[in-house]
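[1] below are the sequence and a predicted model; questions follow.
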Number of protein chains: 4
Amino acid sequence: MPLGDNTWGKSAIRLSKVHRGGASHDFSDLTVSVRLEGEVTEAHIAGDNSMVLPTDTMRNTVYGLAHRHLGRDLEGFAATLCGHFLESAGVTTATVSIAERLWRRVTPTGFHGGGSESRLARVTRGDRTSTQAGVEGLVLLKTTGSAFTGFPRDRFTTLPEATDRLLATSVTAEWLYSTVPADTTAVWSRARQTLVDHFFADRSASMQHQGYQMGEAVLAEVPEIAEITLHLPNQHHLPFDVTRFNVEDTGTVFHPVTEPYGDIRLTVTRNLR
Amino acid sequence: MPLGDNTWGKSAIRLSKVHRGGASHDFSDLTVSVRLEGEVTEAHIAGDNSMVLPTDTMRNTVYGLAHRHLGRDLEGFAATLCGHFLESAGVTTATVSIAERLWRRVTPTGFHGGGSESRLARVTRGDRTSTQAGVEGLVLLKTTGSAFTGFPRDRFTTLPEATDRLLATSVTAEWLYSTVPADTTAVWSRARQTLVDHFFADRSASMQHQGYQMGEAVLAEVPEIAEITLHLPNQHHLPFDVTRFNVEDTGTVFHPVTEPYGDIRLTVTRNLR
Amino acid sequence: MPLGDNTWGKSAIRLSKVHRGGASHDFSDLTVSVRLEGEVTEAHIAGDNSMVLPTDTMRNTVYGLAHRHLGRDLEGFAATLCGHFLESAGVTTATVSIAERLWRRVTPTGFHGGGSESRLARVTRGDRTSTQAGVEGLVLLKTTGSAFTGFPRDRFTTLPEATDRLLATSVTAEWLYSTVPADTTAVWSRARQTLVDHFFADRSASMQHQGYQMGEAVLAEVPEIAEITLHLPNQHHLPFDVTRFNVEDTGTVFHPVTEPYGDIRLTVTRNLR
Amino acid sequence: MPLGDNTWGKSAIRLSKVHRGGASHDFSDLTVSVRLEGEVTEAHIAGDNSMVLPTDTMRNTVYGLAHRHLGRDLEGFAATLCGHFLESAGVTTATVSIAERLWRRVTPTGFHGGGSESRLARVTRGDRTSTQAGVEGLVLLKTTGSAFTGFPRDRFTTLPEATDRLLATSVTAEWLYSTVPADTTAVWSRARQTLVDHFFADRSASMQHQGYQMGEAVLAEVPEIAEITLHLPNQHHLPFDVTRFNVEDTGTVFHPVTEPYGDIRLTVTRNLR
């Protein structure tokens, strides 16, 4: 049977890059897909892969070229990638699509991500009584001011010590009111702002340390809050090793992974139970 | 066998409310869940429903009480709902949880929603050549300035004419460059801002009419763009009829529905093909 | 500016139908989308809606025609819908797409849905010790054998009594072992099968009643289980009123809704705490 | 401020394992989460990580111990993991939760996954006429009978040649009828079954080769079909290198990744256009 239209490629390549330079950083968070067309009829019909650039190589190429070529001009980076893939034997057309998830700068090295942020309220009445408030989907990222060192090592440890790493999370916080404030909206805004301010301002030795400082600050700021529980998934941005491609590792390109994630949960309270 | 802990309730009740008053509107977008505990052992063991407040009634109640009681104080509204449910025979504890999705005001009656907004770029090289850019996940809502009247009616028509309705969408736009601009980032920002400005400023007789005006404005603003394609899902906010509960309908409470959605797609171009 | 390609339609129209006839039922679970092309240039440019069939009418039409015309032949139903829409003034092309989610029949009136079913295991050791197992994403539906009557009514009640309704849920069950069985896989299969058998075989007066019978049966069947907790979201299939279209209501066509859902949770235990 | 309850762990660790032995294979597809409690107050308050087992180590441990210890007894594997983590200094309680996504065996080395499989139909009438059918969400996996060798290598290539690899995809297929069959349901079942049979029976040199054979077989089997388009995302299961932990690599444990994926699309047609 004749082979009709066909393409091959790699989709959902996740890549982040910190654009350092001076005190203020830029941050790019991309999802890239590559799609090729070419002389691959024999690959389909006869299993001859000699013209089939592996999709795994496409992925490596995106990371490998991002160090030097990825700036703010997405179309320029996409065109560079297209040009590269067209040099492969048998490739006749290349399409590169990029979606850049937008982050809003809050501090010179701190960013507020998209996502659907929600204010939470939870009230129980009857045999039990409580009033809680909180925030969900508060996506925060900083490009400096976080470390993770001095941890125990065993035979399964491969993680290197990091004295300055990128830290990202989607904050869920819920707090319990000992006294329900008169203006719940104003108090909610104050607590949320305190979380944001301390995520960006406080240097941390771990996500646990970061979270404790955030929780402690909320209790210090809002006397009506008796305790606060934080859920801080550590949304890892992993360095992608490009030195094996003879590319200089500029320490700026990362692979953001959705799964697995570090799962950090803690409560800061006025009184130990 | 003994029955252990048990609760019943309604989750994922979606509700939106426009807080009118003067030239500037507020907008609330809530997901409410209700959870009850009570004297329902016989319901589980013997199928006796005399103490089981239906979860459908819980939902109706949330809409019914929102007209008068829902303001900015979520905890207050949740407490009002708890108090109401505790009046039902056999209910011993009520918990109401609310998540308010945050919208950011852009104009007195225009709002920018959360969601993950992305900048898009798509480049093809080889046997075909093109450069496209766009935006995805640009969530916009306005509380006035949109109508839908004068449409054809047949035996399946139940939709009333609307001279002033709430309009919400998640814009996906892709445009084709005839000339790739030198500063793709600046041009992208200009095109995106034009879409936002015209969604809020232009009165529309339908989503199609809204989209045409947005697309026409982008072509007028950015000479490098040859054509623009818009996908504008109409994210309906339906009035919830509370008059059957003897509640005064203030015209402010809506039921936002995810499925189905009006699916509007159009291209505005400089030259007819 | 010239208007280019454009379409309008309704997407994600959810519809289910029970095909009764004899002791055995068939069940269809569809997501329909309608897409029209036609003489709507003036609608885009000038806001003239006289040729714009409302997407809300498309939705009503799908439900209205499903009573008589929807059988197993999806292409036939889609063609009937296309023919109908082409009768509207100004419509030149109609496309109807249907995705039928597949359910597997287990009993003459019982069905097992797709979804991603998982076996669960949870083990805690150290200061606390427990071994739990369970199942998640076990999607079950029966077309008869469930009722909901005799519930309390107040001013917010609109739900009619139902002596024979369609019942659907996605079972999550977790049980605690007092003794960890030697063959955890065999015991897991036995517990899961007991849940399935009793969902289909036991008539129920409510989801709570259904769940209690399922939990009690598991405890009776598996002596190693000390208690079982069930989460049974009531995935409502609502009758869609077509009598207002002068269509005979055959009681077979439903609107499956994702939000909101009845949220039923209960524990059955060997010993009251 | 006092620190209250706290835990740390790794969630969403994805792992698959082929249980070889004789002609018939078993297949496990797990999502594991680890949660620890221990003497980490100083980590939160003072940033002292000496008692904080990294969550990255937890992940490595799950893969490292799966080679020898993961069989059908999930609770047993979870208990082994708990025992291991309790040996770390300062860990007082360990909880391991496992969700095993269920696959149904179809052949000795072929499996049908969960997911929501749908039958598709698409009909266009008016200025254009066509009738299409298809399937979506048909999740298939085989543990042998697939290779990928002989592909071009460049400086970005790291993929090793694979003469026998695990192959998994979620098939989307759409076909165009030249003649609409009288019994669309029967023909649909025949086409779908042909796809399944040939995925499992035909050895393939690539996903493209696999897809071509599947498409060709459908055209051979169903004369009413003019052409078929297949979308075959390559859902990679990557070998996880455990030799760096001094664990013997049994070639049976994999890391299933969601992103990125190989994106293979092709059409097989009766007549070249």
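    That came through, no problem. Small disclaimer: the values here were computed from a predicted structure and weren't measured.

[2] tell me the secondary structure of residue A:155, please.
    At residue A:155 the chain is in coil, as set by DSSP: H, G, I helix; E, B strand; the rest coil.

[3] what number of residues lie near it?
    13 (other C-beta atoms under 10 Å in any protein chain shown). Where C-beta positions appear, they are placed from N, C-alpha and C, glycine not excepted.

[4] these two touch, right, it and residue D:246?
    Yes: assessed by C-beta atoms under 8 Å, residue A:155 is found in contact with residue D:246 at 6.4 Å.

[5] just the CA trace of the longest helix along chain A, in PDB.
    The helix that spans the most residues within chain A, counting by DSSP state H, is helix A:184-201. Backbone C-alpha positions of helix A:184-201 (Å, rounded to 0.1, in the frame of the first residue of the first chain) are rendered in PDB as follows:
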ATOM      1  CA  THR A 184     -11.200  38.400  56.300                       C
ATOM      2  CA  THR A 185     -10.300  39.700  52.800                       C
ATOM      3  CA  ALA A 186      -7.700  42.100  54.100                       C
ATOM      4  CA  VAL A 187      -6.200  39.600  56.400                       C
ATOM      5  CA  TRP A 188      -6.000  37.000  53.700                       C
ATOM      6  CA  SER A 189      -4.200  39.400  51.500                       C
ATOM      7  CA  ARG A 190      -1.700  40.200  54.200                       C
ATOM      8  CA  ALA A 191      -1.000  36.600  54.900                       C
ATOM      9  CA  ARG A 192      -0.600  35.700  51.200                       C
ATOM     10  CA  GLN A 193       1.700  38.700  50.700                       C
ATOM     11  CA  THR A 194       3.800  37.600  53.600                       C
ATOM     12  CA  LEU A 195       4.300  34.200  52.100                       C
ATOM     13  CA  VAL A 196       5.400  35.700  48.800                       C
ATOM     14  CA  ASP A 197       7.700  38.200  50.400                       C
ATOM     15  CA  HIS A 198       9.500  35.600  52.500                       C
ATOM     16  CA  PHE A 199       9.800  33.100  49.700                       C
ATOM     17  CA  PHE A 200      11.700  35.700  47.700                       C
ATOM     18  CA  ALA A 201      13.600  37.400  50.500                       C
END
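
[6] between helix A:184-201 and the next helix or strand after it, find me the angle.
    Under the assignment DSSP states H and E, the closest C-terminal helix or strand after helix A:184-201 is helix A:207-221. Angle of helix A:207-221 versus helix A:184-201, following axes from the mean of the first three to the mean of the last three C-alpha atoms, to 10 degrees, is 140 degrees.

[7] quick check: what element follows the strand ranked longest in chain A along the chain?
    Ranked by residue count and defined by DSSP state E, the top strand of chain A is strand A:3-19. Scanning forward in sequence from strand A:3-19 by DSSP H and E, the next helix or strand is strand A:26-38.

[8] average pLDDT for that next one?
    Averaged across strand A:26-38, pLDDT comes to 96.

[9] okay, now the sheet partners of it, with direction.
    strand A:3-19 (antiparallel), strand A:91-101 (antiparallel) (DSSP bridges).

[10] any stretches of the stretch 101-250 of chain A with poor pLDDT?
    Applying pLDDT under 70 to the stretch 101-250 of chain A flags no residue at all.

[11] hang on, the earlier thing: now the longest strand of chain A: buried residues?
    A:3-4, A:6-18 (16 or more other C-beta atoms under 10 Å in any protein chain shown).

[12] could you export the strands paired with strand A:26-38 as JSON lines, including distance to residue B:224?
    Listed next are the strands paired with strand A:26-38 as JSON lines, based on distance: least, C-beta to C-beta, whole Å:
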{"stretch": "strand A:3-19", "distance to residue B:224": "25"}
{"stretch": "strand A:91-101", "distance to residue B:224": "19"}
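
[13] re the thing from before, what is the nearest of the buried residues of strand A:3-19 to chain B?
    Within those, the smallest distance to chain B is 11.3 Å, found for residue A:7 (C-beta to the nearest C-beta).
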